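Colleague: here are the coordinates; sequence isn't available:
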């Protein structure tokens with residue numbers, strides 16, 4: 001607090017007018033205003049120092065977006081300063097930013113499978129995902145390559161190393177869940193994908209991972225819950241969320257909702273990454289008793305996936321439908 005600040009404080013506390021204060025000697029004025037200046041000095045200097053000694057400090061070495069075992073996720077603005085109660089907001093709701101206009105680098109670093117690629121194309125991205133260190137990303141890429149080559153043990157090693165380097169790596173947890181599922185370690189796979197939802201609740205990919213696990217167990221209520229959560233996070237760009245929502249609705253008997261979501265998913269999938277959407281629509285129309293629409297969807301499926309494992313069954317069903325039609 002400088003001399004002029006003390007003058008203003010002294011005026012406020014003593015009630016003296018500006019003219020009277022100017023006529024008074026500086027020494028007399030300092031005697032009157034000393035208590036105010038002393039209190040101001042303590043507030044500006046001594047009090048923050050005392051609070052800093054008592055308050056826990058976030059480790060300066062922790063980068064923004066990392067996970068501290070004592071404090072949780074480290075917000076960018078809180079590194080190396082005294083603990084602030086408002087930082088607790090970041091624990092329940094991780095910082096979320098709009099997706100950068102040029103997200104190609106992020107796609108390259110996260111896009112290992114269809115789910116993580118769909119997560120990259122979400123309208124928002126968390127600080128944790130933007131703060132992945134280069135070494136961790138490199139291990140993730142090596143693990144992704146091994147997973148695609150079906151070298152599952154090697155993939156697991158690289159992915160676990162990526163997580164060791166950066167525990168708050170949601171994409172690595174999701175792909176690790178897929179690797180563990182391929183190794184028939186379902187419980188560990190569920191834990192891995194569930195961990196990703198805790199690190200970044202706004203990341204779509206782990207909900208799709210868990211929805212797939214629930215679908216293989218025919219737990220359609222859980223599939224519905226998980227897929228709708230994913231759909232709420234990205235309602236405009238993600239055909240996978242719509243596919244699982246439609247599949248769950250079909251098995252739960254809501255044919256209208258199933259048809260609506262399946263058709264919306266087809267519209268978002270011009271490259272036919274989900275040919276099984278046409279099989280699902282064929283099932284829906286069969287349940288509705290619409291054999292013409294069923295046959296049309298089977299034909300569409302065979303156009304985009306003629307060599308798939310379900311192609312033979314689709315051809316057989318289509319042949320039966322065509323043979324049962326009355327001759328023109």
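Modeller: That came in fine, so what should we check first? Only a predicted model underlies this, so the values are computations on that prediction, with no experimental measurement involved.
Colleague: Mind telling me what element residue 259 is part of?
Modeller: Applying DSSP states H and E as the criterion places residue 259 in helix 255-267.
Colleague: what helices or strands is that helix leaning on?
Modeller: Helix 255-267 sits against helix 239-251, helix 276-288, with contacts defined as 3 or more C-beta pairs under 8 Å, 6 or more residues apart in numbering; DSSP states H and E. All C-beta spots, glycine's among them, are computed from the backbone N, C-alpha and C.
Colleague: Residue 176 is nearest to which of the ones you listed?
Modeller: helix 239-251 (18.8 Å; C-beta to C-beta).
Colleague: now for the closest one, which elements pack on it?
Modeller: helix 114-120, helix 205-216, helix 220-233, helix 255-267, helix 276-288.
Colleague: Please name whichever of the ones you listed is nearest to residue 143.
Modeller: Among the helices and strands packed on helix 239-251, helix 114-120 sits nearest to residue 143 (C-beta to C-beta), with 11.8 Å.
Colleague: ok, now how distant is residue 257 from residue 248?
Modeller: Remark: distance between residue 257 and residue 248 (C-beta to C-beta, to the nearest Å) = 9 Å.
Colleague: ok, which stretches of the stretch 51-200 of the chain are helices?
Modeller: 89-92, 104-110, 114-120, 127-130, 134-148, 152-165, 170-182, 186-199 (DSSP state H, counting those that start in this stretch).
Colleague: okay, those, which one's buried deepest?
Modeller: The highest mean neighbour count among the helices of the stretch 51-200 of the chain, using mean count of other C-beta atoms under 10 Å, belongs to helix 170-182: a mean of 26.
Colleague: on contacts alone, who are the packing partners of that one?
Modeller: helix 114-120, helix 127-130, helix 134-148, helix 152-165, helix 186-199, helix 205-216.
Colleague: now with 10 Å?
Modeller: With contacts taken as 3 or more C-beta pairs under 10 Å, 6 or more residues apart in numbering; DSSP states H and E, helix 170-182 sits against helix 104-110, helix 114-120, helix 127-130, helix 134-148, helix 152-165, helix 186-199, helix 205-216.
Colleague: Okay, angle between that helix and helix 205-216 too, please.
Modeller: 20 degrees (axes from the mean of the first three to the mean of the last three C-alpha atoms, to 10 degrees).
Colleague: by how many degrees do helix 170-182 and helix 186-199 diverge?
Modeller: Using the same axes, to 10 degrees: helix 170-182 against helix 186-199 is 170 degrees.
Colleague: what angle separates helix 170-182 from helix 134-148?
Modeller: Using the same axes, to 10 degrees: helix 170-182 against helix 134-148 is 30 degrees.
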